[in-house]
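> no FASTA, just this:
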């Protein structure tokens, strides 16, 4: 059961208690870009802790010492339908919910993605999102273990560009915020007007585009994915014009991120693509998208009532998203059922009313006449 390193202490304490955690593995935390300073005082005193390399604590058993002192245990294959992991939701709309997944749901996702993006042991991926993020677990963790390809880890936000160039990934997943950051960074060095000029010169354009992708560390990338929040068609088109096939995908913690994807060579910008192999989708009365996936959860941990609320009698997950399915079978997300919106980091935010508490005396600053009643406010 992975924990986001950026959680506040209260949420971390709740998840540790609710999940009935029996042992905590503590990795790289320093209290600068994470919530360690708030979390460390909320770890139950009777919860055993094992420190991984770069852990902030040296008063616990160390993982490398335990490995050196003990022989490996004999492996045994678990029941595929037994509980494998809990993935806790962000808790934006209340207490985080523990999504239960079996070994079968995790393996089925790896099998399904193989049919869309053929994967081999020669692939390279860069892991930089928290491993509590369902997309990172499905696209990076599970696939790297399943297919045995090369996996690199980013060291920090400051070294991210160097890490990306070191890894030269062949497959790369990112959230819209980072795709936008790359886009703005290129525009700062090579203004759009200059791009337009260079991209229209037959011999020069291919050289310039290759150089841009190489500087981004994506010149070896054969499939690039974006998800967790919408990314504008204009930005997607810009990347595709560079020669990077950026594909929008869609999924939730409740189906292990396995729901919809645009296919290589068949992308339809503005949609999240067709249903993945083995996935059924439909639009319910009222416009809500409902999905039945091989990666679908066993339910919410210790919350049968919420499970019954979010899963229909015939096994479809109520996504909470509004959508349309076009004539090609592509799904377009049009909004949320509830009054929520999603940030570029993929976090749901609840709008709140704003109250005007004061108005500046406009007459002092404006050159046009201002009604007397407003200037007195």
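Received the coordinates, thanks. For clarity, every value in this text was computed on a predicted model and none was experimentally measured.

> When you work out contacts or count neighbours from here on, use the C-alpha atoms and nothing else.
Noted.

> so how many other residues sit close to residue 117?
Residue 117 has 13 neighbouring residues, counting by other Cα atoms under 10 Å.

> Do you know the pLDDT at it?
Residue 117 carries a pLDDT score of 85 in this model.

> who's in contact with it?
Applying Cα atoms under 8 Å, 6 or more residues apart in numbering, we find residue 117 in contact with 223, 263, 264.

> Select only the buried ones of those in PyMOL?
Of the contacts of residue 117, the buried ones can be selected in PyMOL as follows, counting by 16 or more other Cα atoms under 10 Å:
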select buried, resi 223+263
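
> Longest strand in this protein, by number of residues?
strand 317-325 (DSSP state E).

> Which stretches in the chain count as helices?
Taking DSSP state H to define them, one finds helices in the chain at 9-18, 36-39, 63-69, 103-116, 134-136, 143-147, 160-167, 176-189, 192-198, 202-216, 233-242, 304-310, 372-375.

> Pull the residues that contact the fourth one.
Counting by Cα under 8 Å, 6+ apart, helix 103-116 makes contact with 78-84, 138-139, 142-143, 146, 256, 258, 263-264, 276-278, 294-297, all of which sit outside it.

> Let's have the contacts of residue 117 in CSV, adding pLDDT.
Shown next, in CSV, are these (pLDDT from 0 to 100):
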residue, pLDDT
223, 87
263, 91
264, 88
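
> Quick one: the contacts of residue 117 as CSV, columns for distance to residue 212 too.
As requested, the contacts of residue 117 are arranged in CSV below (distance: Cα to Cα, whole Å):
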residue, distance to residue 212
223, 17
263, 24
264, 21
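
> between the contacts of residue 117, which is closest to residue 155?
Top of the list for closeness to residue 155, among the contacts of residue 117 and by Cα to Cα, is residue 223 at 23.1 Å.

> who's in contact with the residue nearest to that closest one when sequence neighbours are not counted?
Once flanking residues are discounted, residue 223 sits nearest to residue 171: 5.2 Å by Cα to Cα, 6 or more residues apart in numbering. The neighbourhood of residue 171, defined by Cα under 8 Å, 6+ apart, consists of 123, 124, 125, 221, 222, 223, 224.

> Which of the contacts of residue 117 fall within strands?
The strands, defined by DSSP E, take in residue 223 from the contacts of residue 117.
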